[in-house]
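Engineer: Quick one, what's the 3D model for this:
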Amino acid sequence: MSNNYLTPKETADYISDLSCAKASMSVKKRFLLSFMAGLFISLGSQGFLTIYSDPFLRAAVFPVGLMLIILVGGELFTGNCLMTFGCLNKKINLKNFISSISQVWFGNLIGSLFVVLLVYFSGMYKPDSTLANTVATVANAKVSLSFTQILLKGILCNILVALGVWFAYTAKDTIGRLFGCWFPVMLFVLCGYEHCVANMFFLPLGALVDNSITITKILSNIIPATIGNFIGGGLLLPVFYFYSYRK
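Structural biologist: Numbers count the residues shown, from 1 in each chain. Presented below is the predicted three-dimensional model:
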């Protein structure tokens with residue numbers, strides 16, 4: 001009887017092989033898929049803001065973004081940090097790895113900004129509206145954190161997000177993939193960790209409704225969040241499990 005899931009060792013092998021496909025993808029296709037991933041995460045972030053008054057519900061809604069990426073298709077920076085498996089197995093070189101995830105990060109940013117413009121000019125964020133006040137509160141809380149705080153929260157975030165991607169890869173059916181995404185991502189949102197792609201939506205949108213949020217403040221969050229996300233999902237998980245399952 002065949003299992004309807006992959007073992008941890010089989011999943012590590014699958015991620016390593018998948019890294020080769022991701023690294024060899026054309027620039028055009030990579031941009032299109034990373035744009036869509038940024039768009040999907042932003043849609044989940046919009047749901048987060050809409051239901052912000054209830055901590056559990058906002059955490060429950062946000063994972064829809066990753067679910068869409070896994071089932072429909074998309075290249076997400078935080079999930080693609082797992083491509084480190086391909087480097088450790090010498091299936092892709094470091095130059096291709098860095099080039100790939102950098103392009104994905106940029107595509108995620110463009111997709112996120114696209115949704116920022118859509119929701120802002122739709123009129124949902126009128127001055128003194130509930131949504132405008134909510135995103136201003138969220139954005140100001142994020143830019144008030146120190147570099148170290150954002151870095152550490154970024155590490156914790158992408159341990160969980162990368163595990164959400166890992167969990168989804170273990171499943172061979174749609175329901176398994178959905179639940180695999182939902183639990184770890186819900187937990188990271190509930191705990192208030194920092195996700196660089198989600199912040200590509202929250203912070204520019206916050207800046208449109210609150211002019212005290214400057215580009216400098218936005219970058220002071222997104223840069224350490226990106227570094228922390230890479231450490232959590234691109235170093236800790238792949239290195240530990242490479243030496244557990246592959247070496």
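Engineer: got the buried residues for stretch 47-56?
Structural biologist: 47, 48, 49, 51, 52 (16 or more other CB atoms under 10 Å). Glycine gets a C-beta too; all of them are placed from N, C-alpha and C.
Engineer: What of stretch 131-146?
Structural biologist: Using 16+ other CB under 10 Å as the test for burial, stretch 131-146 gives 131, 132, 134, 135, 136, 138, 139, 142, 143, 145.
Engineer: before we move on, back to that, max pairwise distance over the buried residues of stretch 47-56: which two?
Structural biologist: Put simply, by CB to CB the two of the buried residues of stretch 47-56 set farthest apart are 47 and 52, 9.6 Å from each other.
Engineer: Spell out which residues are contacts of both of these two.
Structural biologist: Shared contacts of residue 47 and residue 52, defined by CB atoms under 8 Å, 6 or more residues apart in numbering, comprise residue 58.
Engineer: which strands and helices sit next to the helix or strand hosting residue 60?
Structural biologist: For residue 60, the element it lies in under DSSP states H and E is helix 55-61. Contact partners of helix 55-61 among helices and strands, from 3 or more CB pairs under 8 Å, 6 or more residues apart in numbering; DSSP states H and E: helix 27-50, helix 174-191.
Engineer: Packing partners of the first one?
Structural biologist: Contact here means 3+ CB pairs under 8 Å, 6+ apart; on that basis helix 27-50 packs against helix 55-61, helix 64-72, helix 94-121, helix 130-143, helix 196-209.
Engineer: ok now the last one, how far from the chain's centre?
Structural biologist: If you compare the mean C-alpha spot of helix 196-209 with that of the full chain, they lie 14 Å apart, counting by CA atoms, centre = their mean, to the nearest Å.
Engineer: thinking again about what came up before, using CSV, please lay out the buried residues of stretch 131-146 together with distance to residue 83.
Structural biologist: Output for the buried residues of stretch 131-146, formatted as CSV (distance: CB to CB, whole Å):
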residue, distance to residue 83
131, 36
132, 38
134, 35
135, 32
136, 36
138, 30
139, 30
142, 27
143, 30
145, 28
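Engineer: now the residues you listed as CSV including distance to residue 124 and pLDDT?
Structural biologist: Shown next, in CSV, are the buried residues of stretch 131-146 (distance: CB to CB, whole Å; pLDDT from 0 to 100):
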residue, distance to residue 124, pLDDT
131, 5, 97
132, 8, 97
134, 11, 97
135, 10, 98
136, 14, 97
138, 15, 98
139, 15, 98
142, 20, 98
143, 22, 98
145, 26, 98
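Engineer: got a list of contacts for the helix holding residue 60?
Structural biologist: 44, 47, 48, 49, 50, 51, 52, 182, 186, 187, 189, 190.
Engineer: what's around residue 170, how many residues?
Structural biologist: Residues near residue 170, counting by other CB atoms under 10 Å, number 18.
Engineer: what's near enough to touch it?
Structural biologist: Counting by CB under 8 Å, 6+ apart, residue 170 touches 5, 6, 7, 8, 11, 176, 180.
Engineer: ok so, going back, which members of the contacts of helix 55-61 are the farthest-apart pair?
Structural biologist: Maximum distance among the contacts of helix 55-61 (CB to CB): 20.3 Å, for 50 and 187.
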